[in-house]
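In: I would like the atomic coordinates for the input below:
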Amino acid sequence: MPGRIALAALILVAGCAREDGPAPPLSPAQRAAEGAAAARFLTEMAADVTREGPAAWARHFVPSQEFFMAADGALVFPDGDSAARGVASLAKTLTGIELSFGSEVKVDPLTQDLVALGAPYHEVLTDADGRRTESRGYFTALAEYRGGRWLLRDAHWSEPAARP
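Out: So this is what the prediction gives:
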């Protein structure tokens, strides 16, 4: 009897086990299509934020705990909840954002649903008193195709260090 229980347990475990290996590589056509779609996503995101202001950011972030964002070596939003609160707060203090990405967008399609992105950016923030703050730097992100559209899963903004 103990032998039968052990055999049944082995069969059950073997039947439940899955062999997860690396995702199959994307074909050149799939890589090109993913890359073009993700590059369009950056352009559309910048247009939305420029047109609608800070509140537009909320719909471009993965709305879950996987999301995080860093800037200039500091963690700005450790998760999706903090990002939602931060965007709501920004919408109260900034009256406008002008955001653009340079033409040299780097896209590395990792899977059918994930791409690594990189691009130079230029941003002008206008606060409630009309003060404008300009920044230029480099943006990197992991974007995920979820719910029929691309969203930022993780993001990092960096500006060049000031030279003495």
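In: okay, CA-based contacts and neighbour counts for the rest of this
Out: Noted.
In: so where do the helices sit in this structure?
Out: Ranges of helices in the chain, per DSSP state H, are 2-16, 28-52, 80-93.
In: Which positions in the longest one come out as buried?
Out: Within helix 28-52, the residues that count as buried by 16 or more other C-alpha atoms under 10 Å are 31, 34-35, 37-39, 41-43, 45-50, 52.
In: where does the protein have low pLDDT?
Out: 1-23, 163-164 (pLDDT under 70).
In: Please work out which residues outside stretch 28-43 touch it.
Out: 100-101, 105, 107-109, 112, 115, 117, 143, 150 (C-alpha atoms under 8 Å, 6 or more residues apart in numbering).
In: Strands - which of those land there?
Out: Within those, residues falling in strands by DSSP state E are 100-101, 107-109, 115, 117, 143, 150.
In: so can I have a markdown table of the helices of the chain showing distance to residue 124?
Out: Below are these laid out as a markdown table (distance: least, C-alpha to C-alpha, whole Å):
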| stretch | distance to residue 124 |
| --- | --- |
| helix 2-16 | 54 |
| helix 28-52 | 9 |
| helix 80-93 | 14 |
